[in-house]
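Asker: coords please:
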Amino acid sequence: MTQESTLSPRPDADGIDHEKAQRATRMLLEALGEDPDRDGLKDTWQRRVPDAFTTLTDGNRTSAKPTMRTFDAESGDLVIKTGIPFHSLCEHHLLPFHGSVDIAYRPDSEVVGLSKLTRYVRWQSRQFTMQERLTNDIASGLADELDAEAVLVEMNATHLCESMRGIETESTTTTRSTVGELTTEEREQFRTAVTRSEARR
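Answerer: Numbering: from 1, shown residues only. This next block holds a predicted model:
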């Protein structure tokens with residue numbers, strides 16, 4: 001069966017050129033000395049890799065962004081959500097980096113359902129990016145979405161480009177981004193919540 005006859009173009013309603021993704025994956029396998037038509041790899045380039053990268057780049061599409069439904073805030077107290085898991089892709093090596101995100105925000109007049117914070121982090125994470133940029137994108141994005149007075153995002157991640165290649169050592173990288181100003185008391189409150197969360201993991 002030839003390459004041309006096995007390609008299966010699909011509508012690009014999701015913004016992905018699936019036929020081009022099929023061709024590119026097939027060419028990569030060939031470049032690595034593999035036979036794309038052997039049993040174990042047929043579905044790899046025809047379906048699995050294009051479908052996987054469609055999901056893993058949802059962050060590029062506003063249509064995939066979760067609806068951030070808000071509710072009236074009963075107080076201006078700090079809202080803290082810790083231990084949000086995330087998986088993203090390093091734009092330098094196209095390898096994953098993953099870990100957890102801790103978020104604190106001081107609402108102006110509205111709060112969002114806690115599950116939406118998890119969904120928002122997942123959506124932002126699904127793109128080719130760098131940890132520093134992703135941390136900033138989550139903080140600034142939430143500040144805009146929630147019209148929050150202050151937002152603090154802390155991200156701890158392990159990068160497979162370090163653990164699987166290069167120095168081949170697993171370590172954790174921490175990045176932080178703040179929009180607005182949190183008080184010293186609020187920062188201490190955030191740190192206490194993160195420490196408690198880490199102790200339970």
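
Asker: poorly predicted segments of the protein, please.
Answerer: Residues of the chain meeting the criterion pLDDT under 70: 1-13.

Asker: which residue is nearest the middle of it?
Answerer: S125 (1.3 Å; Cα atoms, centre = their mean).

Asker: tell me the domain ranges of the chain?
Answerer: The chain resolves into domains spanning 3-56, 70-200 when parsed by automatic domain parsing.

Asker: dump the ones you listed to JSON lines, plus distance to T62.
Answerer: For every residue, glycine as well, the C-beta is placed using N, CA and C. Listed next are the domains of the chain as JSON lines, based on distance: least, Cβ to Cβ, whole Å:
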{"stretch": "domain 3-56", "distance to T62": "10"}
{"stretch": "domain 70-200", "distance to T62": "9"}
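
Asker: please identify the most buried of those.
Answerer: With neighbours taken as mean count of other Cβ atoms under 10 Å, the domains of the chain reach their highest mean count in domain 70-200, at a mean of 17.

Asker: from A24, how far out is the residue nearest to the centre of the chain?
Answerer: Remark: distance between S125 and A24 (Cβ to Cβ, to the nearest Å) = 23 Å.

Asker: and for R201?
Answerer: For R201 relative to A24 (Cβ to Cβ), the value is 38 Å.

Asker: same thing with T62?
Answerer: Using Cβ to Cβ, T62 is found at 25 Å from A24.

Asker: what of T158?
Answerer: Spatial separation of T158 from A24 under the definition Cβ to Cβ is 27 Å.

Asker: all strands for this protein, in order.
Answerer: Shown for the chain, the strands assigned by DSSP state E span residues 70-72, 79-90, 96-106, 110-112, 128-129, 150-159, 173-179.

Asker: ok, back up a step: got a list of what the residue nearest to the centre of the chain touches?
Answerer: 59, 86-88, 134 (Cβ atoms under 8 Å, 6 or more residues apart in numbering).

Asker: what segments of this structure are helices?
Answerer: Counting by DSSP state H, the chain has helices at residues 3-6, 18-31, 39-43, 49-56, 114-125, 131-146, 160-163, 184-200.

Asker: so which of these gets nearest P66?
Answerer: helix 114-125 (3.9 Å; Cβ to Cβ).

Asker: and the angle for that closest one with helix 131-146?
Answerer: If you take axes from the mean of the first three to the mean of the last three Cα atoms, to 10 degrees, helix 114-125 sits at 140 degrees to helix 131-146.

Asker: any idea how far helix 114-125 is from the chain center?
Answerer: Computed by Cα atoms, centre = their mean, to the nearest Å, the chain-centroid distance of helix 114-125 equals 9 Å.

Asker: how far off strand 79-90 does it point, in degrees?
Answerer: 20 degrees.

Asker: right, I'll call it a day here.
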